[in-house]
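**Q** Got a sequence here, can you model it:
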Amino acid sequence: MINFSNVTYRYGESQIAAIDNISLTINRGESVCLMGANGSGKTTLARLIAGLIEPFRGRLDVGHNGNQKVGILFQNPDNQMVAVTVEKEIAFALENQNVPLDEMEIRITQTLERFSITHLRRKLNSELSGGEKQRVALASVMIAEPLILLLDEPDSFLDQEGRGVLKSELNKLMKSAPDMIQVHITQYPATALNYQRLMVIHNGEIIADDTPEVIFRNKQICNQANLIYNPELIDNVRFPDFYNQKSDNSVNYIKKIELRNISYSYPDEPFTIIKDLNLSILSGQVLGVAGYSGTGKSTLGLMLCGLNNPTNGEIAYYNNNNELIPVDEIAGKVAAVLQQPERQFFLSTCAEEIEFGPANFSHPLNTDEVSSLLDMVGLDAEIFKNRDPFQLSGGEKRRLAFVSILSMIPGIIIFDEPTCGLDQEGVGRFVALANYLKTQGIGVVIISHDGDILRMLSDNILLMEKESKHRIMASDKFFNDTELSSIVSPLTWSFGFFN
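**A** Numbering: from 1, shown residues only. Next up, the predicted model:
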């Protein structure tokens, strides 16, 4: 059983409670879904249950017949990986339980098969894609057979195949371990519908606790906690005035990127992850990139920014006069929001992160411009401008990453899994941002497993398939083909069924 009695938790010296006087009970054998806006306290609640932090005030009892065996899958799988290779990562929990070597070998092999990651057994964790890391992290948690399982947005980085594996394994767990408690944090209403109990947290308080069907019919609760997509945001998100004054006629402005027979292989790997890719990326257009985990989508994004060089072939950048721009001059003109946004943070406040890029390109921002950028992505400037970026929630980090890149007004922007960790209000803001960028003649590349986002925004789809194959087609053609579109999440997976 898990029992909260008037539990409050604050981070550091903050006067705002991340968890505010919560009382709740989760009984043995219950599977519960938890939803709420970015920064509402969902992850903090999970960390309290896992014993990673202690209540500031109140009483928390976590036990299961006297046993406190808790497994937690973090929102960012990098935060829980401790070993060098996949095999050692999965073995770590068994080693800590003194499991005999022969039994350990059997259980590792079985777990690799369960989660369809046998082919990753000898790979370095650092070489895995985001989706592959999520599968490995889940396997490393499940091999320990926890009696309480905490899942913090476990499907965020997974492709559709991985989501199917996850759903299947969770269903098996419920049947094989009927006494196990499961708490599943999600931003997807469709995921919540698989559970009999949904709790909604807002500003550190539980504001609803009922069946998903009852809660989703309460539009006041849904709007308050950002559970539903609001299409009105598309017309209401405002860019700062300086965005309308960009010098898009400058000869240094990136107008087009040409990929010519590019291939990419990681060092010491026997296969080529991207092979003979020819592609044009144009300003004012949105290219969607879809495909299974590990097919090179994020690798492609890094190459477009000049952070990785192709093994073979060339990438050419052209300005408005169709003149070639050297790759060492594209900084700030082609930029990416990374799949895990904290990887691009390195300063002590949100304001400094936003100011850094423009200041380095001789276009410093004033205080009002920084505030308008924060407001644009739904972060209250008075609250967030002096916050530590690394202390933000996952969704808040992603919003900050958006503006730290948008502040430089690049000619082409790559968004890698931009909706992961965002609540539905945040998803609406991203749709508005992407539409605005397109109208301003800025090229957008969206790497995503989210079928709704790709359908709504993409002009064309680059489908990256297994065995280094790829196809480029119009978005309508991709989504009219049932076999192809099944690679991404089904339409209405995130928010479409509310429309």
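**Q** Okay, now the unreliable bits of this protein?
**A** Scanning the chain with the threshold set as pLDDT under 70 gives 64-68, 233-234, 244-252, 491-499.
**Q** what domains does the record give for it?
**A** With domains defined by automatic domain parsing, the chain comprises 2-224, 235-498.
**Q** Please convert the ones you listed to a markdown table, extending it with mean neighbour count.
**A** All C-beta atoms are positioned from the backbone trio N, CA, C, and that covers glycine. Compiled in a markdown table, the domains of the chain are given as follows (neighbours: other C-beta atoms under 10 Å):
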| stretch | mean neighbour count |
| --- | --- |
| domain 2-224 | 18 |
| domain 235-498 | 19 |
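**Q** How about the residue nearest the centre of the chain, nearest residue that isn't a chain neighbour?
**A** The residue lying closest to the centre of the chain (C-alpha atoms, centre = their mean) is C420, at 2.7 Å. Excluding the flanking residues, the one nearest C420 by C-beta to C-beta, 6 or more residues apart in numbering is S156, at 4.2 Å.
**Q** Likewise for R121?
**A** Per C-beta to C-beta, 6+ apart, closest to R121 is E87, 5.0 Å.
**Q** Where does T191 fall, secondary structure wise?
**A** In this assignment (DSSP states H and E), T191 forms part of helix 189-192.
**Q** Name the SS class of the nearest residue to S468 once chain neighbours are set aside, please.
**A** In this structure, S468 finds its nearest non-sequential neighbour in K275, 3.9 Å apart by C-beta to C-beta, 6+ apart. Secondary structure for K275, judged by DSSP: H, G, I helix; E, B strand; the rest coil, is strand.
**Q** for K275, what are its contacts?
**A** K275 is in contact with S263, S468, K469, counting by C-beta atoms under 8 Å, 6 or more residues apart in numbering.
**Q** Please give me every residue in contact with the last one.
**A** By C-beta under 8 Å, 6+ apart, the contact set of K469 is K275.
**Q** ok, the residue nearest to the centre of the chain to I281 distance?
**A** Distance of C420 to I281, computed by C-beta to C-beta, to the nearest Å: 22 Å.
**Q** ok, the residue lying closest to G395 once chain neighbours are set aside - contacts?
**A** Leaving aside its chain neighbours, G395 sits nearest to N38 (3.0 Å; criterion: C-beta to C-beta, 6+ apart). Listed by C-beta under 8 Å, 6+ apart, the contact partners of N38 are N226, S393, G394, G395, E396, R399, G421, L422, D423, G426.
**Q** thinking again about what came up before, so the residue nearest to R121 touches I108, yeah?
**A** Yes - assessed by C-beta atoms under 8 Å, E87 is found in contact with I108 at 6.4 Å.
**Q** Before we go further, P55 is sitting in a strand, right?
**A** No - secondary structure of P55 (three-state DSSP): coil, not part of a strand.
**Q** Quick one: the helices in the stretch 351-499 of the chain, in order.
**A** 367-376, 381-384, 394-406, 424-439, 451-457, 475-480, 482-485 (DSSP state H, counting those that start in this stretch).
**Q** could you dump those to TSV with distance to L287?
**A** TSV is the format used below for the helices of the stretch 351-499 of the chain (distance: least, C-beta to C-beta, whole Å):
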stretch	distance to L287
helix 367-376	23
helix 381-384	31
helix 394-406	17
helix 424-439	11
helix 451-457	10
helix 475-480	9
helix 482-485	16
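**Q** and V237, which of the ones you listed is closest to it?
**A** helix 424-439 (3.8 Å; C-beta to C-beta).
**Q** What helices and strands are in contact with the closest one?
**A** Packing partners of helix 424-439 (3 or more C-beta pairs under 8 Å, 6 or more residues apart in numbering; DSSP states H and E): helix 233-236, helix 394-406, strand 412-416, strand 443-447, helix 451-457.
**Q** Next, the angle helix 394-406 makes with that helix.
**A** 20 degrees (axes from the mean of the first three to the mean of the last three C-alpha atoms, to 10 degrees).
**Q** quick one: contacts of helix 424-439?
**A** With C-beta under 8 Å, 6+ apart, helix 424-439 has contacts from 37-38, 187, 189, 226-231, 233-237, 239, 284-286, 376-378, 395, 398-399, 402, 406, 413, 415, 418-419, 422, 444, 446, 453, 456-457, 494-495.
**Q** And stretch 392-401, by the same measure?
**A** Under C-beta under 8 Å, 6+ apart, the answer for stretch 392-401 is 37-40, 42-43, 75-76, 153, 187, 337-338, 341-342, 344-345, 350, 353-354, 377-379, 384, 389, 418, 420-423, 426, 429.
**Q** Confirm that the residue nearest to C420 sits in a helix.
**A** No - S156 is assigned coil when assessed by three-state DSSP, not a helix.
**Q** How about the secondary structure of the residue nearest to R121?
**A** Classification of E87 using three-state DSSP returns helix.
**Q** That one: what's it in contact with?
**A** E87 neighbours (C-beta under 8 Å, 6+ apart): I108, R121, R122.
**Q** now the last one: how far from F56?
**A** So that's R122. The spacing between R122 and F56, counted by C-beta to C-beta, is 44 Å.
**Q** Distance across stretch 380-397, terminal residue to terminal residue?
**A** 13 Å (C-alpha to C-alpha, to the nearest Å).
**Q** roughly how far is it from the heart of the chain?
**A** Relative to the centre of its chain, stretch 380-397 is centred 16 Å away, using C-alpha atoms, centre = their mean, to the nearest Å.
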